[in-house]
Every structure is written in structure tokens, then in C-alpha cells.
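1. Fold the following and give me the result.
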Amino acid sequence: MPDSPLVRPFRYAWEYLREISGENAYDRYLSVHAATHPGKPAMSRGEFYRWRQEEKYANPGSRCP
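-> Modelled structure (predicted):
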């Protein structure tokens, strides 16, 4: 069902907040994984977030120590 004109700005705001908070990272991972690795099982949500945390601390980039 299409959004009504009154609901649309709230949906856009919600999607924006999900994007900047990283909440939709797993959803993006699933879509990319399905497109690039068909037939291979995807990580669970818990595995995905553990992997992200390990990557963040193993490769700090330009963050302060």
C-alpha cells in the first residue's frame, strides 16, 4: 500500500535515522550477500554485528588510540 502524503515525511525521516545509526547495515548486507553469493548461507544478525565489531577494532583507521 502506498504511503499517504502525511506519512511519507515520517517514513523518510525514519529511514534516514536507520541509515545514520547503522541499524539497516544488516539489511544491506543481506541484499548484497544474496546478489553476490547466491546459494551460500548468510551470517546471522548476531554473527554479522560481532564481525563488524571485530573489524572496527582490528582496523581502526584514523581514529584516535
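2. Mind listing what's buried along stretch 33-51?
-> Phe48 (16 or more other C-beta atoms under 10 Å). C-betas here are computed from N, CA, C, even on glycine.
3. Could you check how far that stretch is from the centre of its chain?
-> With C-alpha atoms, centre = their mean, to the nearest Å as the basis, stretch 33-51 stands 12 Å off its chain's centre.
4. Using CSV, list the CA coordinates for it.
-> C-alpha atoms of stretch 33-51 as CSV (Å, rounded to 0.1, in the frame of the first residue of the first chain):
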residue,chain,number,x,y,z
HIS,A,33,25.2,-11.1,0.0
ALA,A,34,22.2,-12.6,-1.9
ALA,A,35,23.2,-10.8,-5.1
THR,A,36,26.9,-11.7,-4.9
HIS,A,37,26.9,-15.1,-3.2
PRO,A,38,23.8,-17.0,-4.2
GLY,A,39,23.4,-20.4,-2.6
LYS,A,40,25.9,-19.5,0.2
PRO,A,41,24.3,-19.1,3.7
ALA,A,42,24.5,-15.6,5.1
MET,A,43,25.7,-14.7,8.6
SER,A,44,23.1,-14.4,11.3
ARG,A,45,22.4,-11.0,12.7
GLY,A,46,24.5,-11.7,15.8
GLU,A,47,27.4,-13.0,13.7
PHE,A,48,27.2,-10.0,11.4
TYR,A,49,27.4,-7.5,14.3
ARG,A,50,30.2,-9.4,16.0
TRP,A,51,32.1,-9.4,12.7
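5. And the contacts of it?
-> The contact list for stretch 33-51, computed with C-beta atoms under 8 Å, 6 or more residues apart in numbering, reads Ala25, Tyr26, Tyr29, Leu30.
6. Any chance of a PyMOL selection covering the buried ones in those residues?
-> Selecting the buried subset of the contacts of stretch 33-51 in PyMOL, with 16+ other C-beta under 10 Å as the burial test, is done by:
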select buried, resi 26+29
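7. Could you pull up the mean pLDDT of stretch 9-26?
-> The average pLDDT for stretch 9-26 rounds to 91.
8. buried residues in it?
-> In stretch 9-26, counting by 16+ other C-beta under 10 Å, buried: Tyr26.
9. Reformat the contacts of stretch 33-51 into CSV and put distance to Glu19 and secondary structure next to each item.
-> Listed next are the contacts of stretch 33-51 as CSV, based on distance: C-beta to C-beta, whole Å; DSSP: H, G, I helix; E, B strand; the rest coil:
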residue, distance to Glu19, secondary structure
Ala25, 9, helix
Tyr26, 13, helix
Tyr29, 14, helix
Leu30, 15, helix
